[in-house]
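# With the input below, show me the fold.
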Amino acid sequence: MAISEKELAFNFNEDQMRLKISALEIELAKIYEGGGKKRLEKLHESGKLSARERIDLLLDKESPRFEVGAITGHGMYKEYGGCPAGGVVVVIGYVKGRICIVVANDATVKAGAWFPITGKKNLRAQEIAMENKIPIIYLVDSAGVFLPMQDEIFPDKENFGRIFRNNAHMSSEGIPQIAAVMGSCVAGGAYLPIMSDESLIVDKTGTIFLAGSYLVKAAIGESIDNETLGGATTQTEISGICDYNVPDDKTCLSTIRDLVSRLGKKPVAGFDRIDSVDTKVDPKNVYGIMPADRSKPYNSKELLKCLVDDSVWTEYKPNYGKSIITAYARIDGWSVGIVANNREIVKNAKGEMQFGGVIYSDSADKAARFIMNCNQKNIPLVFLHDVTGFMVGSKSEHGGIIKDGAKMVNAMANSVVPKFSVVLGNSYGAGNYAMCGKAYDPRLIVGWPTAEIAVMSGAAAAKTLLQIEVASLKGRGEEITPERETELFNKIKNKYDEQISPYYAASRLWIDAIIDPAKTREFLSLGIAMANQAPIEKRYNVGVIQT
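Below you'll find the model as predicted:
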C-alpha cells in the first residue's frame, strides 16, 4: 500500500522531533555531570553528596518533579570554563507529600560560586516560592560570589542582595524556609540560612562565617582554623545561630523531611479537579503533528487531542476569531482555560483568509473576553504559543488592531488566576507578549525543542538587517555583488538563528526549561497543583480597556 503525503510528512516530522529530543537528552546528560566526574569523586571522598544526590534523597520517591533551569548558563562564561546549570540545581517536587521548591548549590562547579546567572536562578526559585506560597528548602554549599564577575552580581536591584530581601519578605508572609549548611557558607551568603526559619549544619563538612580563616588572619591578625571559627559545634553550641547539628548529609536530609512533615495545612486556591482521564490520542503523536518547518501550517486541534483529558474540550466562540483557539478543558483532572494559536489557514465569517499563527482583531477580542471569564470562574490559564505576531497592514491598522491587541494584553497581564505558558513553536514580537511571555509573570514557562523566541523569525530579521547593511555599505561607495549579498545574509541569519533557539532562551531563564512535548501534561499538572497552594486574594480588575 502506498504511503500518502500526509503520512510521509507525519513520519518526517516525527523523526525530526525525536532527533531534537535526543539532542536535548545528550545536553542534559552533560549538564547533570556538573563540574565533572573528578570533582564529584573528590566531593564523595570528603564525605559529601552531590547537589542532585541530595535532592533525590530529600524528595519523595517516584513522585512528580520538575527541574527549573537545568539549561541555565548553557554556552555562557566560556572564558571561565562554563557554568553548568548555573552552578545551582532547582527542583519543584514533593517532600512528605508537600509541594516544595529545593535550591541546592553544586559544589562541583567552581566550588558552588555564584555567577551572575546563578543569582538570577536563585531569585527565580524564590519568586516561584513567593507566588505559589510553597516552602523553599536551601541546601547550601557555596564558596560565595565569583569574584572575577562581582560587579555583575553584587550591587544591583536584581543581584545577590535581593535574595536576602526575599528571605525577609517570605518570612513575613509565613512561607516556610528551611536551610541546611552542607558545605561552605561564607560572607554575605551566610545571611541566607540565618534569615530562614530554621537552619541545620552538617558536622565536619558544614561551615558558616562572614570571613574565613585566611581573611581573618589578613584583617585582624587572628590565627584560627575554619572548623573552630564557624563549624557545626561552634554555630550550634557557642553562637547558637544554627538550630540542628547533624552528623552527615543523609541525616540532614531526613531531618528536613521530618520538619516538613510537621508543617500545618493552609487554605488553597480551590481550583477544580476531578479524576484524571488519559488522552484518547497518544501524547507522542505531537512529534508527527508539529511540522519540522516552522513556517508550515498544521491542525492545532490535533495537538490539543494529545494534551487534554479524554481528548475533548468545550470551545469558546468557535466560529469567531478563528486564528486563536479558546477552550475549557481538563489536564490530569484539573480544570483549565486554554488559549492556543491556531496554525491552520482559516476563513472568517466575511470569507477572508486568515494566516495561521497570526493574531487578528477578532481573535484578540475573543481571547480577552475568554481570559476575563476564566478569572471570573477561578480557572487557571494555559497559553500554547505558536505565534508570528499581530496582523499588520492598512486594513488591520484602520480596523484597530492595536486597540484590540492592547485589550488582550491588558486582560492577560491583570489576570489573578495562575498562568502557564508552553512555547510550542514560534513566539515572535508582540505575539509573545499577548500569549503571556516571561514578562507577564507566568507561574512557569517552558519551551518544546521546536520553540523560537525573538522579535521576528531569523529569515525576516536577516532580510531587514541586510537591507540596512547593504544601504550602509553602498553609502560608503562599496559595490555589493549578489555573492557578497548572500554572504552577508547568511552571516546575519546564522547569528540571529542562534539567538532564537530554545537553548539560548533557556540558558538565560527566559523559559524555565525545554521539555519533551509528550510530557507537557505532567508539567502542567504539577504546576497547577503547585499554584493551588496560593489562595487568590486579589480581585480581578482590568482597568481601562478601549472598546
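# Whichever strand or helix holds Ala9: which residues count as buried?
Using DSSP states H and E, the element containing Ala9 is helix 5-32. When burial is assessed from 16 or more other CB atoms under 10 Å, helix 5-32 yields the following buried residues: Ala9, Phe10, Asn13, Glu14, Gln16, Met17, Lys20, Ile21, Leu24, Glu27, Ile31. Backbone N, C-alpha and C define where each C-beta goes, glycine included.
# The last one and Ala85 touch, don't they?
Right, Ile31. Yes - under the criterion of CB atoms under 8 Å, Ile31 lies in contact with Ala85, with a separation of 5.3 Å.
# Find the residues that touch each one of these two.
Common neighbours of Ile31 and Ala85 are listed as Ala70, Ile71 (criterion: CB atoms under 8 Å, 6 or more residues apart in numbering).
# List the contacts of the strand or helix carrying Met170.
According to DSSP H and E, Met170 maps onto helix 161-172. Residues outside helix 161-172 that contact it (CB under 8 Å, 6+ apart) are 119, 122-123, 126-127, 129-130, 136, 154-155, 177, 188, 191-192, 195-197.
# which residues touch Tyr80?
Residues near Tyr80 by CB under 8 Å, 6+ apart: Lys110, Phe115, Phe146, Pro148.
# Please list the members of the contacts of helix 161-172 that lie in helices.
Counted as lying in helices by DSSP state H, out of the contacts of helix 161-172, are Gly119, Asn122, Leu123, Gln126, Glu127, Ala129, Met130, Tyr191, Leu192.
# tell me the secondary structure for the residue lying farthest from the centre of the chain?
Going by CA atoms, centre = their mean, the residue of the chain most distant from its centre is Gly477, 47.7 Å out. Assigned by DSSP: H, G, I helix; E, B strand; the rest coil, the conformation of Gly477 is coil.
# Lys204: how many residues sit nearby?
13 (other CB atoms under 10 Å).
# Quick check: which element contains Val422?
Applying DSSP H and E as the criterion places Val422 in strand 419-428.
# Spatially nearest residue to Ala51 (excluding sequence neighbours)?
Ala104 (3.9 Å; CB to CB, 6 or more residues apart in numbering).
# go on, Lys519?
Pro283 (7.8 Å).
# what's the spacing between the one you found and Gln16?
As for Pro283, its distance to Gln16 is 17 Å (criterion: CB to CB, to the nearest Å).
# likewise Asp258?
On the measure of CB to CB, Asp258 and Gln16 end up 48 Å apart.
# what does Gly337 give?
For Gly337, the distance to Gln16 - CB to CB - is 31 Å.
# try Leu59
34 Å.
# Run through this protein and note the low-pLDDT ranges.
Residue ranges of the chain with pLDDT under 70: 1, 188, 546-547.
# where does Gly183 fall, phi/psi-wise?
Note on Gly183: backbone dihedrals following degrees, to the nearest 10 are phi -170, psi -140.
# For it, which non-adjacent residue is spatially closest?
Using CB to CB, 6+ apart, the nearest residue to Gly183 is Asp141, at 3.1 Å.
# Verify the stated contact: that neighbour with Asn105.
Yes - using CB under 8 Å, Asp141 is in contact with Asn105, at 4.5 Å.
# anything in contact with each of those two?
Ala51, Gly112, Gly183.
# how about JSON lines for those residues, with neighbour count added?
Listed next are the shared contacts of Asp141 and Asn105 as JSON lines, based on neighbours: other CB atoms under 10 Å:
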{"residue": "Ala51", "neighbour count": "29"}
{"residue": "Gly112", "neighbour count": "26"}
{"residue": "Gly183", "neighbour count": "24"}
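# now, which of those residues sits nearest Ala327?
Nearest to Ala327 out of the shared contacts of Asp141 and Asn105 is Ala51 (CB to CB; 40.1 Å).
# Pull the contacting residues for the closest one.
Applying CB under 8 Å, 6+ apart, the residues near Ala51 are Gly34, Val88, Val89, Ala104, Asn105, Asp106, Ala107, Thr108, Leu139, Asp141.
# still on that earlier bit, in TSV, list the shared contacts of Asp141 and Asn105 along with distance to Asn432.
Listed next are those as TSV, based on distance: CB to CB, whole Å:
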residue	distance to Asn432
Ala51	32
Gly112	34
Gly183	39
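# any idea how far the residue nearest to Lys519 is from Lys347?
Counting by CB to CB, the separation of Pro283 from Lys347 is 30 Å.
# Which of the two has more residues huddled nearby?
When neighbours are counted by other CB under 10 Å, Pro283 and Lys347 differ, and Pro283 comes out ahead with 19 against 10.
# wait, that one sits on Thr520?
Yes - applying CB under 8 Å, one finds Pro283 in contact with Thr520, separated by 7.3 Å.
# shared neighbours, those two?
Common neighbours of Pro283 and Thr520 (CB under 8 Å, 6+ apart) are Leu307.
# can you tell me the distance between the two ends of stretch 447-462?
23 Å (CA to CA, to the nearest Å).
# Three-state assignment for Ile99, please.
Secondary structure, three-state DSSP: Ile99 is strand.
# Likewise for the one 4 residues further on?
When states are read from three-state DSSP, the local structure at Val103 comes out as strand.
# List the beta-bridge partners for it.
When bridges are called by DSSP bridges, Val103 pairs up with Val90, Tyr138.
# next one: Ala454
Under DSSP bridges, the beta-bridge partners of Ala454 are Tyr428.
# Surely it and Glu498 touch.
No - Ala454 lies out of contact with Glu498 (CB under 8 Å); the separation is 10.6 Å.
# Mind checking which of those two has more residues around it?
Ala454 (20 against 12).
# got the contact list for that one?
Taking CB under 8 Å, 6+ apart, one finds Ser427, Tyr428, Ala461, Tyr496, Gln499, Ile500 in contact with Ala454.
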